[in-house]
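Trainee: Sequence plus the predicted model coming up.
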4 protein chains.
Amino acid sequence: MDLKEIAIKKLQERGIKIQDISLIVYELQKNYNDDLTMEICENAILKVLEKREVTYTILTGIAIDEAAENGYLNDIGKIIRNDDPLYGIDEILALSIVNVHGSIALTNFGYLDKLKPGIIGKIDTLGKDKKECHTFLDDIICAIASSAASRIAHENKDGF
Amino acid sequence: MDLKEIAIKKLQERGIKIQDISLIVYELQKNYNDDLTMEICENAILKVLEKREVTYTILTGIAIDEAAENGYLNDIGKIIRNDDPLYGIDEILALSIVNVHGSIALTNFGYLDKLKPGIIGKIDTLGKDKKECHTFLDDIICAIASSAASRIAHENKDGF
Amino acid sequence: MDLKEIAIKKLQERGIKIQDISLIVYELQKNYNDDLTMEICENAILKVLEKREVTYTILTGIAIDEAAENGYLNDIGKIIRNDDPLYGIDEILALSIVNVHGSIALTNFGYLDKLKPGIIGKIDTLGKDKKECHTFLDDIICAIASSAASRIAHENKDGF
Amino acid sequence: MDLKEIAIKKLQERGIKIQDISLIVYELQKNYNDDLTMEICENAILKVLEKREVTYTILTGIAIDEAAENGYLNDIGKIIRNDDPLYGIDEILALSIVNVHGSIALTNFGYLDKLKPGIIGKIDTLGKDKKECHTFLDDIICAIASSAASRIAHENKDGF
């Protein structure tokens, strides 16, 4: 398995399907693109997942969430499990995905992280309930969705 | 006059009062802070404006807007006047304010830049109508407001 | 002319040839890649210049330098002409190029900005002598060179 | 113990004394400041360590290094232990420290990360020898040192 397949499999294990992310991308871009389809959104996500920096971030973020869930990581593990709003390292990690996709990705990332639509809100709630730890994962989903939206915005204009 | 006073005066010349920004900060933070007042918001904005990096960004961004308005800046002047959605340099410049205020500033920045509440939407519309050029200014207001919100979030918890 | 050609022409007008940048990229990467040639470096630079965000940054940065040179931009124009070390907006603007090329670009950027090898030092000195203004341009050259180096580092490993 | 003390203790456990970092800050700033002393450098570092975002990053980065060292973190644990040059998540995490200290911190960070003077090179070598894992720690030291240097540069000029 290559890194991309490992990342997709890991996302599924943690409750995230590509389709869940496609729905968010579709909502972000439908007003700017009359011909938008769910397939276009899914393809844009798959393109985002081809970058080494993206898969490394996904695997690192989920590994931290799982280690916190399992009681490792000492004191900081507790802070991560509590998803303290002043703990901003999860957003910073997600920037490694957002940054390489330009400024449209950046503004959409903030928007999604604040409103938490669809699957983002669902896993955030699961985490807040302390049954699971998704402190890093919800920001990573925001980053993947906003980066895919940025790809579509650029392709729509440039035709590449 | 020191840099902070020059920046405030320049913002006013371009149609932005500190109070306009306070309203946005208040809306961002009211749900997290029962004791929030407009005065707290205004003080947080004034603290943000004390940083040299913030005033330099304000003065640079407005200078670019004015130069574009006056027909300078050659080919790129036209692109700036048109506020092309794929022109992301205005968001990048605003990051010099957002970055120094941490990750709460960052997510609020994206949220404001997308929804454009209050004065942000007003100057964005003025710019889109081509009467004036506010391509950089609207992102700078988003950056100041989100940074002030981040200051309040941290103070509320830490008491500093 | 497309944006890429306009950007290359503008760089030449301001005294920068692609070959000058290739020399810097070659020095950055030669220890990590036995088969490195000047042609590989030049091709990597041309790939960097294909991104819309990169050409927009080049054209904006040079337009600011020229406006400052010509006495526009008011008070901030003076600060830009003086290239005050605490004026960090030029580095921030260059981040729009560096960010989209990942973390190898980021560390190389800081390294080049501090040591200023080759053409970077030359235009920095021209600017410091107050004959011309290259406050934004030298950081942009650092950003292009470090991004091209990052491209080569990734290609060398991944074969794409 | 407050967060700052916990972070300092944790740094010591991993082989890093504040004095080791002071030496690096001193080298970075001595040419710009005739009155620079080791005490000034140490105080600047202690100020950097007062920010919540900084201590959270230190504790998170070290926790990841230790988890990787102990064989946790699955597949990505191996990549972290190997400190693959294309694994850039360690640099991104360190940005949470660098970003809040402005653009002088940013360029110094890249410079230190590339040249690895003093203690940075020492722990990098320990990590590369596979006896310990310091993939995140070396970038964190670069970030603390470059942020302290930025503080001194600003203070020297502004007197705050």
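Mentor: In hand now; what should we look at? Numbering: from 1, shown residues only, chains lettered A, B, ... in the order given.

Trainee: I'd like to know which elements the longest helix seen in chain A is packed against.
Mentor: Looking across chain A with DSSP state H, the single longest helix is helix A:135-158. Helices and strands touching helix A:135-158, by 3 or more Cβ pairs under 8 Å, 6 or more residues apart in numbering or on different chains; DSSP states H and E, are helix A:18-29, helix A:38-48, helix A:52-69, helix A:74-82, helix A:89-98, helix A:102-115, helix A:119-128. Just so you know, the C-beta spots here come from the backbone N, C-alpha and C atoms, and that holds for glycine as well.

Trainee: If we use 6 Å, what do you get?
Mentor: Applying 3 or more Cβ pairs under 6 Å, 6 or more residues apart in numbering or on different chains; DSSP states H and E, one finds that helix A:135-158 contacts helix A:18-29, helix A:38-48, helix A:52-69, helix A:89-98, helix A:102-115, helix A:119-128.

Trainee: Pull out the buried residues from that helix.
Mentor: Within helix A:135-158, the residues scored as buried using 16 or more other Cβ atoms under 10 Å in any protein chain shown are A:135-154, A:156.

Trainee: so where's chain A shaky on pLDDT?
Mentor: For chain A, residues meeting the criterion pLDDT under 70 lie at A:157-160.

Trainee: Chain neighbours aside, what residue packs nearest to the most centrally placed residue in it?
Mentor: Nearest to the geometric centre of chain A sits A:Ile141, at 1.6 Å (Cα atoms, centre = their mean). Distances taken as Cβ to Cβ, 6 or more residues apart in numbering or on different chains place A:Ile120 nearest to A:Ile141, at 5.3 Å, with adjacent residues excluded.

Trainee: I figured A:Ile123 hits A:Thr135, correct?
Mentor: No - applying Cβ atoms under 6 Å as the test, A:Ile123 and A:Thr135 come out as separate, 10.0 Å apart.

Trainee: what does chain A have sitting close to chain B?
Mentor: Contact residues (Cβ under 6 Å from any Cβ of the partner chain) of chain A with chain B: A:86, A:88, A:91, A:102-103, A:107, A:109-111, A:113-114, A:157.

Trainee: Just the buried subset of those, please.
Mentor: Buried members of those, scored by 16+ other Cβ under 10 Å, are A:86, A:88, A:91, A:102-103, A:107, A:109-111, A:113-114.

Trainee: from the residues you listed, which is closest to chain C?
Mentor: Chain C lies nearest to A:Gly102 out of those, by Cβ to the nearest Cβ, at 5.3 Å.

Trainee: Now whatever residue of chain A ends up closest to chain C: closest residue in space, sequence neighbours ignored.
Mentor: Taking Cβ to the nearest Cβ as the measure, the point where chain A comes nearest chain C is A:Asn99, at 4.1 Å. Nearest-residue entry for A:Asn99: C:Asn99, 4.1 Å, with adjacent residues in sequence omitted and distances by Cβ to Cβ, 6+ apart.

Trainee: Roughly how far does the one you found sit from chain D?
Mentor: 10 Å (Cβ to the nearest Cβ, to the nearest Å).

Trainee: cool, and A:Glu155?
Mentor: When distance is defined by Cβ to the nearest Cβ, A:Glu155 is 25 Å away from chain D.

Trainee: now A:Ser96
Mentor: A:Ser96 is 4 Å from chain D, where distance means Cβ to the nearest Cβ.

Trainee: got the contact list for that residue?
Mentor: A:53, A:57, D:89, D:92 (Cβ atoms under 6 Å, 6 or more residues apart in numbering or on different chains).

Trainee: Let me have those residues in CSV, extended by distance to C:Lys131.
Mentor: CSV is the format used below for those (distance: Cβ to Cβ, whole Å):
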residue, distance to C:Lys131
A:Glu53, 41
A:Thr57, 45
D:Ile89, 44
D:Ile92, 40
